[in-house]
Structures are given as C-alpha cells and as structure tokens.
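> sequence first, then the predicted structure:
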Amino acid sequence: MADLPARLLQDEWLRVIDVGARGELAGRFVAIKSQVEVIGFEPDAAEWARLNSELRGSGWRKAGVLPYAVGRSAAGRPFFVAEAPELSSLLEPLTEVVGRPGWRVKRVERVDTVSLDELTARDELPQPIDFLKLDTQGSELEILRSGEETVLDDVLGVGVEVEFRELYREQPRFSEVEQYLRGRGFELMLLEPAHLRTDWPLARKRTSYADALFLRGHEWFVGGERMGSLRRLLAIYLLHGLYAEAYALARDADSEVAELIRASYGDIRSGALRWRFRLMIDAARCALLPSIVNRHRLVRRARAVHTADGHAWPVEPP
C-alpha cells in the first residue's frame with residue numbers, strides 16, 4: 001500500500017521529526033523511508049548512540065538522532081529515570097496511581113532542555129517540517145508550544161501520545177492537547193486508545209492513554225497559497241490508512257490524484273473482501289483435510305468468481 005504515497009511524492013520527500021525516538025523511529029513512514037528525512041531526539045546517551053549506529057545504511061533518505069531533551073529552553077531540569085527506560089520523563093511518574101513496578105523512579109538526573117524554535121535559530125533543525133511524532137511521557141504539549149514561533153505553522157501532521165488520566169505529575173490531558181492543536185488549524189483524524197493492565201481478570205480496563213493523529217484538512221488550502229504541500233499531505237493521509245479522507249481532500253484540488261487514489265483504494269468493496277475471505281477459509285480447509293468434498297467446495301467457490309474480463313477462473317474439479 002506504500003506504492004501510491006511514493007508516487008505522489010515523486011522527486012519530493014517528507015521531513016519527519018521524532019521526539020522521544022526510543023524504539024521504532026518514525027513509525028509508519030518506514031514504508032517509504034527512501035523518501036523520508038528523519039531527525040530523532042534522544043537525551044539518553046546509550047540509546048542515542050544505539051539509534052545512530054542502527055541508522056547507518058538503513059535506507060532512509062537521510063537520518064540522524066540529536067542528543068537533546070526537547071521542551072522550553074531551560075537548564076538543569078529534573079529528569080526522572082524510571083525502571084522501564086521508555087517511561088522516563090521530565091515529569092514525575094505517579095507510581096501510586098499506576099501501581100506497576102516499571103514506573104518506579106530509579107534516580108533523578110539534571111538535563112538541559114532546548115526548544116524547537118531555538119534549534120531552528122541555531123540551524124540544527126532544518127525547515128519546513130512535515131510531520132512531528134511526539135512520545136515523551138507527558139511533556140508533548142510543552143514541546144509543541146516550544147515550536148509555535150517558527151516551526152508549527154508549516155507542519156502538516158502531528159502524531160502524539162495523549163493521556164486521559166494523570167500518570168505524571170501535572171501533565172496536560174488529551175483535551176488540552178486537542179484544543180491547542182485545533183486552535184493551530186489541525187483536525188483530529190485518529191485516536192487509538194490503550195489501557196493499563198490490571199490484576200483483576202474480570203474488570204474492565206480504564207482507557208488511560210492513546211495515540212492521536214492530527215492532520216491539516218480542507219481549511220489548510222483555502223486561498224490556494226498552500227497547494228504546493230497537497231501531495232505531501234496526501235501521502236501522509238495514505239500512509240495512515242485514511243483513503244476516503246485523502247480522496248475527498250484531492251477531489252476538488254487535483255482530479256488526477258483523486259482518480260489515482262480511487263483506483264488504488266476505492267474499488268475494493270466489502271463484498272470483494274468477503275469472497276476473498278471465504279476462499280481463503282476453503283483453501284485452508286482443503287490444505288488441512290484434502291478430501292474430495294473439500295476440493296470440490298474450493299473449486300466451486302473459485303469458479304463463482306469472475307476475472308476482470310468477465311470469464312470464470314480456468315479451474316476444474318479434481
């Protein structure tokens with residue numbers, strides 16, 4: 001499904017910033033990595049070295065990780081190192097709320113934080129940035145605000161972890177992040193909630209946090225001055241599976257691209273998926289129990305489907 005996003009970009013590329021790059025760098029953009037420039041941030045020295053080592057020859061158009069903690073520019077801020085490294089944060093984990101061992105603080109270090117605006121002024125952060133991916137355990141809104149002077153106005157999309165309960169002391173919740181980004185012209189497109197584990201096997205799990213996707217929509221192109229970013233934005237839509245929304249966005253702006261999207265993703269109807277699923281079930285049954293009855297069932301299912309030229313598949317019962 002990555003062919004069309006790559007074709008839409010042609011000779012262009014996407015610039016993705018990943019703050020909190022521990023783990024999988026740049027997420028869904030891996031599918032078209034040869035057309036993506038990715039810049040990560042990881043203040044942990046060992047993880048920073050590991051990530052930069054892995055990126056050598058990894059196939060990205062350009063890739064690197066900077067050893068900074070991003071936020072409002074300040075010196076000597078406490079950084080809470082948790083037992084599970086991915087849970088470490090500039091905010092103090094509320095272990096009494098979460099109640100799980102990985103959240104316990106092993107030590108408190110002091111770090112300097114630097115804003116996106118300051119990094120831009122120092123020519124360490126090239127512009128424009130197409131996508132911001134933020135997963136910093138509670139400080140995501142601070143990072144967004146740190147780039148509102150020179151960075152955020154040109155960003156096409158933001159992927160951010162948001163919380164619905166206070167897991168870190170004084171952390172902003174989902175509603176604050178959503179209101180802020182909506183006020184900056186972004187639309188909430190996807191919300192994929194997650195739950196903290198519980199030792200109560202029959203209890204429903206409380207929705208605690210989620211991965212949220214915010215993208216520019218139709219309003220972004222009012223006036224026509226931003227049409228140069230349309231194909232980059234459409235590529236981001238498609239990489240996240242937002243095929244119908246991408247088609248609607250392209251329909252009034254670029255009919256050629258709209259037709260490509262429709263032809264690539266819109267001709268698969270639910271009925272077509274249903275017969276494929278049934279055919280796979282019959283094929284699996286035949287493979288496990290290769291009886292005459294099962295083989296005849298598989299052939300009947302296959303012959304009921306016609307090829308693009310209107311003919312039945314050229315198969316016969318065994």
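Sure thing, it's come through.
> give me the beta-bridge partners of Ile39?
Note on Ile39: beta-bridge partners by DSSP bridges are Ile17, Gly64.
> quick check, it in contact with Val19.
No - at 9.3 Å, Ile39 and Val19 do not qualify as touching, with contact defined as Cβ atoms under 8 Å. Every C-beta, even on glycine, is put in place using the N, C-alpha and C of the backbone.
> so the two - more neighbours on which side?
Each of Ile39 and Val19 has its neighbours counted (other Cβ atoms under 10 Å); Val19 has more, 25 against 22.
> mind listing what that one touches?
Gly40, Phe41, Val70, Leu132, Lys133, Leu134, Asp135, Thr136, Ile143 (Cβ atoms under 8 Å, 6 or more residues apart in numbering).
> now, among those, which is nearest to Asn52?
Within the contacts of Val19, proximity to Asn52 (Cβ to Cβ) peaks at Gly40, which comes in at 8.7 Å.
> wait, that closest one touches Pro67, no?
No - look at Gly40 against Pro67 with Cβ under 8 Å: they stay out of range, at 10.0 Å.
> who has more neighbours, these two?
Ranked by neighbour count (other Cβ under 10 Å), Gly40 and Pro67 place Gly40 first, with 24 against 15.
> so who does the more buried one touch?
So Gly40 contacts Ile17, Asp18, Val19, Ala21, Leu25, Ala26, Leu51, Ala63, Gly64, Val65, Leu66 (Cβ under 8 Å, 6+ apart).
> hang on, Arg107 in a helix?
No - the assignment for Arg107, made by DSSP: H, G, I helix; E, B strand; the rest coil, is strand rather than a helix.
> got the domain ranges for the chain?
Following automatic domain parsing, one finds the domains of the chain at 3-266, 272-318.
> tell me the most buried of these?
Among those, the stretch with the highest mean neighbour count (mean count of other Cβ atoms under 10 Å) is domain 3-266, at a mean of 17.
> how far away from the center of its chain is it?
With Cα atoms, centre = their mean, to the nearest Å as the basis, domain 3-266 stands 7 Å off its chain's centre.
> in helices, which of the contacts of Val19 appear?
Ile143 (DSSP state H).
> what's the closest of the contacts of Val19 to Arg56?
Of all the contacts of Val19, Gly40 has the smallest distance to Arg56: 13.6 Å, by Cβ to Cβ.
> for the closest one, give its distance to Thr136.
Distance from Gly40 to Thr136, counting by Cβ to Cβ, to the nearest Å: 12 Å.
> how about Pro193, secondary structure?
Pro193 ends up strand, using three-state DSSP.
> and the closest residue to it other than its chain neighbours, how close does it get to Val160?
With Cβ to Cβ, 6 or more residues apart in numbering as the criterion, Pro193 has its nearest non-adjacent residue at 4.2 Å, and that residue is Ala210. Distance of Ala210 to Val160, given as Cβ to Cβ: 9 Å.
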